[in-house]
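Visitor: turn this into a model:
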Amino acid sequence: MSSELTYELLSIYPIVSIAIRLAIMARILLRPNRTPASRIAWLVVVGAVPEVGIIAYLLLGEVNIGRRRVARVRDALSRIPRYTEGNEEIVPERYRNLFRLGQSVSGFGPIGGNSGHLPADSNATINAMVADIDAAKDHVHLLFYIWLADNNGCKVIDAVKRAAARGVTCRVMVDDLGSRTLVRSHHWEDMRQAGVKVASGLAVGNPFLRLMTSRIDLRNHRKIVVIDGTITYCGSQNCADPEFRVKPRYAPWVDAMVRFEGPIAHQNQLLFAGDWMAGVREDLGDLLKSPAATDGTSMPAQVIGTGPTVRYSAMQEVFQSLVFAARRELVITTPYYIPDDALQTAICACAYRGVDTTIIFPARNDSWIVGAASRSYYADLLAAGVKIYEYGSGLLHTKSLTVDGEVMLIGSANMDRRSLELNYENNILVYDPELTATMRARQKSYLEQSREVTRGEVARWSMPRRLLNNTVAILGPLF
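Guide: The predicted structure follows:
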């Protein structure tokens, strides 16, 4: 390269650099569905460290699973019959708006005639799943974000293989990143050879090529089990031992999963079908037809599925509406807490208006970044009167919310941006004082193994600690 050409390239580099920076800043300002805090944070990063900031924004700045995937998702949803069942009259008037909101997200109305059981712990949940799979007569549908080939994981693998051997149609889907070790193990091929239909959702493939078309970190975080269209499970538990050997130092991982029977299973069936048909060229046909109508009014429940191809802010709306619905008591358990301003304000306002408001976090988080960011919100929560507890007997992974001892939300969604905006999540909203009381008893057991965090303690945190927490929290809107 001649010295003249080198000189010319060097002379125009600043102009090109500024033009690219301005183009990215314009895109940040014009991109829909961004909060002002997120726009400001990205503008600062791109302006302060342009080379790093531009690359970071192109990789992580936009919620994009790729045009082809979006097209497949929309095609799959168009082939799923519109769900018409649901009767809000079976829900007390004061809670109907919650179920109306849920219906606006996934199209599912509240449906009665259900029953629910909360197994004692993670191992009991796996044993119940295995028993249900062993009793299955028609089909078994499983979807997990993380499925490990450990003791519990292999129990379910063996049960699915047994079911397929006796003629039961078995479909297994996992997230390609979260369950990468299983997908690349002999167990995956063993299930296929046994007649199980297997699929990995949101396949990563070549990560470098994938980064050119979509964000690699947008994942299917759902946990769905449907047996014969009449039994379903919903909660926080992955298909793994509580020792969770990929991160054993935080064990045991403490989860809650509810086993439901009744028409609510069909709603979870449709949610599973949407994911399956978006990734596999198979029409589930008759399985998608509405179940026989039920006159039951027991345990009104509703499936709420959210994700990057669902209405923006849907999960925030659900959380906020439940918080505002509380009149006497609100109890939340979540391992990951990096809320947007609206959710943080809603929880503080809940305590300010006299509602007994409690949040239980894990004392040791498997992500120090999330742990530090979560603690940056403690001072404001405590000032409002929110009671904060940190669970010390393992990593509290349960995602639960109970309102006035009558309504509960159970599922996979955390109160961080990954669940609020980026990942596919599934939850079930239930009005049932009896099941909610069972969940409250479980939450109480968490409290008994937790330490209360006080305002005085937080006020005594050192300046370096507060500086770290607040600095990490600033990065929350970026991702």
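Visitor: give me the domain ranges for the chain.
Guide: Following automatic domain parsing, one finds the domains of the chain at 3-60, 67-93+110-300, 314-478.
Visitor: lowest confidence element among the helices and strands of this protein?
Guide: Lowest by mean pLDDT, DSSP states H and E among the helices and strands of the chain is helix 207-213, with a mean of 55.
Visitor: against G113, how distant is I90?
Guide: Note on I90: its distance to G113, by C-beta to C-beta, to the nearest Å, is 9 Å. Glycine gets a C-beta too; all of them are placed from N, C-alpha and C.
Visitor: who's in contact with Y250?
Guide: Counting by C-beta atoms under 8 Å, 6 or more residues apart in numbering, Y250 makes contact with 244, 362, 364-366, 394-395.
Visitor: out of the residues you listed, grab the one that's most surrounded.
Guide: Counting neighbours by other C-beta atoms under 10 Å, P362 comes out on top of the contacts of Y250 with 27 neighbours.
Visitor: check contacts around that one.
Guide: 250, 335, 371, 390-391, 394-397.
Visitor: from the contacts of Y250, which single one is nearest L420?
Guide: Distance to L420 across those (C-beta to C-beta) is lowest for N365, with 17.5 Å.
Visitor: isn't there a helix covering the closest one?
Guide: No: counting by DSSP: H, G, I helix; E, B strand; the rest coil, N365 is not found in a helix; it is coil.
Visitor: in the stretch 1-150 of the chain, which spans are helices?
Guide: Along the stretch 1-150 of the chain, counting by DSSP state H, counting those that start in this stretch, helices occupy 3-30, 36-48, 50-60, 67-78, 93-106, 122-135.
Visitor: for the second one, what does the pLDDT average out to?
Guide: Read it as helix 36-48. Helix 36-48 shows a mean pLDDT of 74 in the predicted model.
Visitor: and the angle for that helix with helix 50-60?
Guide: 140 degrees (axes from the mean of the first three to the mean of the last three C-alpha atoms, to 10 degrees).
Visitor: flag every buried residue along helix 36-48.
Guide: The neighbour-count check on helix 36-48 (16 or more other C-beta atoms under 10 Å) flags 38-39, 41-43, 45-46 as buried.
Visitor: do the last one as well
Guide: Residues 122, 125-126, 128-130, 132-133 are the ones in helix 122-135 that count as buried (16+ other C-beta under 10 Å).
Visitor: what lies in contact with it?
Guide: When contacts are defined by C-beta under 8 Å, 6+ apart, helix 122-135 is touched by residues 117, 119, 140, 152, 155-156, 159-160, 162-163, 225, 227, 231, 233, 235, 237, 239, 241-242, 252-255, 257, 259.
Visitor: among the residues you listed, which lie within strands?
Guide: 117, 140, 225, 227, 231, 233, 235, 253-254, 257, 259 (DSSP state E).
Visitor: could you give the number of residues near E243?
Guide: Residues near E243, counting by other C-beta under 10 Å: 18.
Visitor: what does G235 give?
Guide: 25.
Visitor: roughly how far does the closest residue in space to it that isn't next to it in sequence sit from A384?
Guide: Among residues not flanking G235 along the chain, M257 sits closest, at 3.3 Å (C-beta to C-beta, 6 or more residues apart in numbering). Using C-beta to C-beta, we find M257 at a distance of 31 Å from A384.
Visitor: please identify which of these two sits among more neighbours.
Guide: M257 (25 against 17).
Visitor: next up, the contacts around H117.
Guide: 128, 258-259.
Visitor: for those residues, which one is nearest A441?
Guide: When these are ranked by distance to A441 (C-beta to C-beta), V258 comes first, at 13.2 Å.
Visitor: neighbours of the closest one, just the number please.
Guide: If you count neighbours by other C-beta under 10 Å, V258 ends up with 23.
Visitor: do the one 10 residues further on as well
Guide: By other C-beta under 10 Å, 27 other residues sit near N268.
Visitor: how about it: what's its closest non-neighbour residue?
Guide: With C-beta to C-beta, 6+ apart as the criterion, N268 has its nearest non-adjacent residue at 4.3 Å, and that residue is T232.
Visitor: ok, now how distant is that neighbour from A301?
Guide: Distance of T232 to A301, computed by C-beta to C-beta: 10 Å.
Visitor: same check on I126?
Guide: Taking C-beta to C-beta, one finds I126 at 23 Å from A301.
Visitor: kindly report the same for D132.
Guide: D132 is 18 Å from A301, by C-beta to C-beta.
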